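> what would the 3D arrangement of this be:
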Amino acid sequence: MAESEPFIRFPSRRSVVFGTHAMVACSQPLACQAGLDILKKGGNAADAAVAVAAALNVTEPTSTGIGGDCFCLFYDAKTRKVNGLNGSGRYFILIHCITTYYVRNVLGIVENRIPLLNINAATVPGAAAGWVDTVNWFGSGKLKLAEILQPAIDLAENGYPVSEITAWMWKDAEDELLSASTNGCDMLIDGHAPRCGEIMRMPNLARTFRELAEKGKDGFYKGRIAQAIVDTVQSKGGVMTLDDLASHTSDRVDPISIDYKDATIWECPPNGQGITVLIALGIIQSLQESGKIRDLSEMGHNSAEYLHVIIESLRIAFADSTHYVADPDFCDVTKELLSKASVVEYLSKRAQFFDPTKANVDVDRGSPVKSSDTVYFSVVDDEGNACSYINSNYHRFGTAVIPEGCGFTLHARGGGFVLEKGHPNCLEPCKRPFHTIIPAIATRKDELWLSFGVMGAFMQPQGHVQVLLNLLHHSCNPQTALDSPRILIEPRGTYLTEMSSISYVNIEDGISDKVINELKKLGHHVKIVKDFKREMFGRGQIIEQKFDPKSGQRVWAAGSDFRGDGHVVGW
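This next block holds a predicted model:
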């Protein structure tokens, strides 16, 4: 489909999908089926999530892959606890003396961050270890990794028809694939991006998955694949070594949370931006409790009054999170933000910046940027477990560099570092960059309520807040909560560190002209977004746990974002 064609030709709708056993919600139907196959073989939500992640690498490499990073939240129905996995990679080890000075004066990078298509934006990929550790830490123990990866291997070897939105994104990155490395044709058909409905085969990626299945993490971080990564990186002027890959580990992390209304919202801790969601929700709750604003349930859904509260709360939350949130192993400020006492004090102070009559022009810390190149998916199983999972290349195909014989691109997560001495996200050896990708879970009295997420770089916390408020204040079901038009605030500048007192507000097609005019009167700088450009508003998935009022039987209710190619499957 051409970009000039309308995104929606005529009014359409999706229904909530219900099931009583298990469900998968993701942005690619074939990947959903891969997860469902694993669930029906006796795997649990974590096993199926890894099957989905691998299948998405095959069917949506424009957003995700084993050459990227991942994060996961797992709700354990037996313990009623939420567990976290940080599968993000670090920058390179100390012997390289990687510093801002080195990057500027030796590597010749003059920008305020590493350009996303520069090979040095490729940090160590964490996804492969993350997949293995997800299965080892949270899996059922009933299935081997080879069984879990087999659906993706079959898709890669036998081929699959490329879906509509993925084909459009692939075409948009065609030149990047051709110019980034000599192996670009591995992800093209006769030198061009696969067209919608065209069969794509990825035999080298299947080979990579087989090696991971047979050898575990060593199959990726040592041996043939590791050597191919290092050879390719160094041939393009990069400094990654075999030791960098061999030393990589995932981390088990304690999720962070906030109570909002009758729910507890769980996010991964920094180096990710999940804390932005909690800060924004805390500010909104503080404003309601103090009487500074009406209860959001009394406001018209997506009215100017309602959207003004969301915009301003997010703007205040971003002002600090994009400046101060970093790898907590390197940043004391990040540790302070994670302190319960500090958060309570912070929320009460920051809520004072909200003005119900006008846009705030005095928030001068970091601002969000727009992008939409990640996959989020959710899986629940018959035991009541849930796996909220996110995997990303960061910016389409990441660096678009393909290691020889491997079939995947290297991500560009090093673009999250700031090349500014003293900045919390300043580039340092062995440091994890600021991360945008965030899965989420919501509980009620320690019982699972939601497994959910919205992909799309700095859209993600904004999407989390908006779909949650749709559910909690406006009685939306999972599908209508996702279908509702969204807003996205962004800076006028290009980079995170370019301070701007006034950020743009992108308004998705579907919000009324009356509301848009009222937002302008409040001082918001508004841009209306239509057609395929609305991909910036992300693609979300929600699975909700409900119970039949008569029998008490569990019922899963799920929705999948119409902005993507995906859907929900279950039984």
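
> contacts only, for Ala146.
By C-beta atoms under 8 Å, 6 or more residues apart in numbering, the contact list for Ala146 reads Arg210, Ala213, Glu214. C-beta coordinates here come from the backbone N, C-alpha and C atoms, glycine included.

> so which of the residues you listed is the most crowded?
Neighbour counts for the contacts of Ala146, by other C-beta atoms under 10 Å, peak at Ala213, which reaches 20 neighbours.

> right, and it touches Leu149 too?
Yes. Using C-beta atoms under 8 Å, Ala213 is in contact with Leu149, at 4.8 Å.

> re earlier: ok, the contacts of Ala146 vs Val467, which is closest?
Proximity of the contacts of Ala146 to Val467 (C-beta to C-beta) peaks at Ala213, which lies at 34.9 Å.

> how about the helices in the stretch 101-250 of the chain?
In the stretch 101-250 of the chain, the helices defined using DSSP state H, counting those that start in this stretch lie at 127-138, 145-158, 164-172, 174-180, 203-215, 218-221, 224-235, 242-246.

> contacts for the shortest one?
Helix 218-221 is touched from outside by 66, 125, 128-129, 208, 211-213, 225-226, 245-246, 248, with contacts defined as C-beta under 8 Å, 6+ apart.

> buried subset of those residues?
Burial by neighbour count, 16 or more other C-beta atoms under 10 Å: within those this picks out Ile66, Pro125, Ala128, Ala129, Thr208, Glu211, Leu212, Ala213, Ile225, Ala226, Leu245, His248.

> next, count neighbours for the residue nearest to Ser250 when sequence neighbours are not counted.
Leaving aside its chain neighbours, Ser250 sits nearest to Asp133 (4.4 Å; criterion: C-beta to C-beta, 6 or more residues apart in numbering). Residues near Asp133, counting by other C-beta under 10 Å, number 24.

> again, but for Gly552
7.

> ok so, going back, and which of the contacts of Ala146 is nearest Lys236?
Arg210 (26.6 Å).

> just give the nearest non-adjacent residue to that closest one, would you?
In space, Arg210 is closest to Ile153, 6.4 Å off (C-beta to C-beta, 6+ apart).

> need the pLDDT of the one you found.
In this model, Ile153 is scored at 99, pLDDT.

> residue contacts, it?
With C-beta under 8 Å, 6+ apart, Ile153 has these contacts: Ala54, Ala206, Phe209, Arg210, Ala213.

> name the nearest residue to the second one, sequence neighbours excluded.
Okay, so that is Ala206. Using C-beta to C-beta, 6+ apart, the closest residue to Ala206 is Ala156 (3.8 Å).

> quick check: the one you found touching Met200?
No. Because the distance of 9.0 Å does not satisfy C-beta under 8 Å, Ala156 is recorded as not touching Met200.

> find the centremost residue of the chain, please.
Ile437 (3.3 Å; C-alpha atoms, centre = their mean).

> quick check: the gap between that residue and Ile516.
Note on Ile437: its distance to Ile516, by C-beta to C-beta, to the nearest Å, is 30 Å.

> which parts of the stretch 451-571 of the chain are strands?
487-490, 504-508, 525-529, 540-547, 554-560, 567-570 (DSSP state E, counting those that start in this stretch).

> on contacts alone, who are the packing partners of the last one?
The elements that strand 567-570 packs onto, with contact taken as 3 or more C-beta pairs under 8 Å, 6 or more residues apart in numbering; DSSP states H and E, are strand 17-19, strand 23-26, helix 29-40, strand 554-560.

> ok, the nearest residue to Ser303 once chain neighbours are set aside - how many residues close by?
Once flanking residues are discounted, Ser303 sits nearest to Val515: 6.2 Å by C-beta to C-beta, 6+ apart. Residues contacting Val515 under the criterion other C-beta under 10 Å number 20.
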